[in-house]
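Participant: coordinates only, sequence not included:
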């Protein structure tokens, strides 16, 4: 097994900087599109043999140093009893918006092995196939709550902040129920064989630091504390979270994910003795080869004093990215970081 990724998570010396990319098993790959052409997105998420196939694709085709389970952050939210639909071009839709205590009471905290057993079966199957570590994941409670409250994605998050500010007790009860669900779901992934666990807080960046500290961070801390029993590295990624970095460091996570809106050298100094993950702008993959290599070199140099560094994009790879550009990035990270390690 190539354990370079796990070593970087733990802050151990590596021969080169490992790389994987958020959303690496996805629409930019023709091989994924072929699989996806015969099933809906939600059906794909629930078919272990197909999830295994698309999870393996970027590892086999591009040489990634870690695989991330193919799934969606809203799978456990559906298991709580929330109706979930995916419409092409519109993202997820949750038609029964949760904005009252009565609606929250109708949600349950599911048994993850019973309600999302297909996810655990995918993990078990992947562990038989993979020669790199497997990352399990979930959405952080605040991000999942926004989908439940808004009924899908949002530009303003009006309903979420209205509930948060005007009915904090109701908002808190929703967050507590999501937190219990998420912790159980991630513990089940660990039992099934996931080797690292990641919390995606896609919408944390809409919060002022004081609101993040009050309304989101305590629930992240509760989950990460609960995951310590697994002994697995935990990654926390707050998208658009440069203003939240100092608080994110207190989450308890072993690795702090960074988007591209912060200089990685500055972030390394603020994070201290934790590994960092990031942080190439996903659109920078469109740069000409040599310019892309220079951009990657700059990130590697900026992270040279990091406790541990996992190269990644600052968010998910865009669906229209040419796969060859992703391959160039992987090869550049391996080559350039190997030179630095040998120097």
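Facilitator: That came through fine. Predicted model only: the values in this text are computed from it and were never measured.
Participant: next one: the nearest residue to residue 243 once chain neighbours are set aside from residue 318, what distance?
Facilitator: Using C-beta to C-beta, 6 or more residues apart in numbering and skipping residues adjacent in sequence, the residue nearest residue 243 is residue 209, 5.8 Å away. All C-beta atoms are positioned from the backbone trio N, CA, C, and that covers glycine. Residue 209 sits 29 Å away from residue 318, taking C-beta to C-beta, to the nearest Å as the criterion.
Participant: swap in residue 97?
Facilitator: 29 Å.
Participant: can you tell me the SS state at residue 97?
Facilitator: With DSSP: H, G, I helix; E, B strand; the rest coil as the basis, residue 97 sits in coil.
Participant: so who does it touch?
Facilitator: Applying C-beta atoms under 8 Å, 6 or more residues apart in numbering, we find residue 97 in contact with 103, 148, 149, 150, 151, 159.
Participant: top of those residues by neighbour count?
Facilitator: Counting neighbours by other C-beta atoms under 10 Å, the top entry in the contacts of residue 97 is residue 148, with 25 neighbours.
Participant: just give me the closest of the contacts of residue 97 to residue 296.
Facilitator: Nearest to residue 296 among those, counting by C-beta to C-beta, is residue 150 at 36.1 Å.
Participant: now the closest one. Nearest residue, chain neighbours left out?
Facilitator: Once flanking residues are discounted, residue 150 sits nearest to residue 159: 5.4 Å by C-beta to C-beta, 6+ apart.
Participant: contacts only, for that neighbour.
Facilitator: By C-beta under 8 Å, 6+ apart, the neighbours of residue 159 are 97, 99, 149, 150.
Participant: including pLDDT, could those go into TSV?
Facilitator: Output for those, formatted as TSV (pLDDT from 0 to 100):
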residue	pLDDT
97	96
99	96
149	98
150	98
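Participant: tell me the one among those nearest to residue 186.
Facilitator: Nearest to residue 186 out of the contacts of residue 159 is residue 149 (C-beta to C-beta; 22.1 Å).
Participant: what secondary structure does the closest one sit in?
Facilitator: helix.
Participant: so what's it up against?
Facilitator: 97, 98, 99, 159, 160, 163, 174.
Participant: what are the ranges of the strands in the chain?
Facilitator: 67-68, 85-87, 91-93, 134-139, 196-201, 234-238, 255-257, 275-277, 309-310 (DSSP state E).
Participant: which intervals of the chain have sub-threshold pLDDT?
Facilitator: By pLDDT under 70, the low-scoring segments of the chain are 340-343.
Participant: list the contacts for the residue nearest to residue 243?
Facilitator: Per C-beta under 8 Å, 6+ apart, neighbours of residue 209: 243, 244, 247.
Participant: surely residue 280 meets residue 294?
Facilitator: No - at 11.7 Å, residue 280 does not count as touching residue 294 under the criterion of C-beta atoms under 8 Å.
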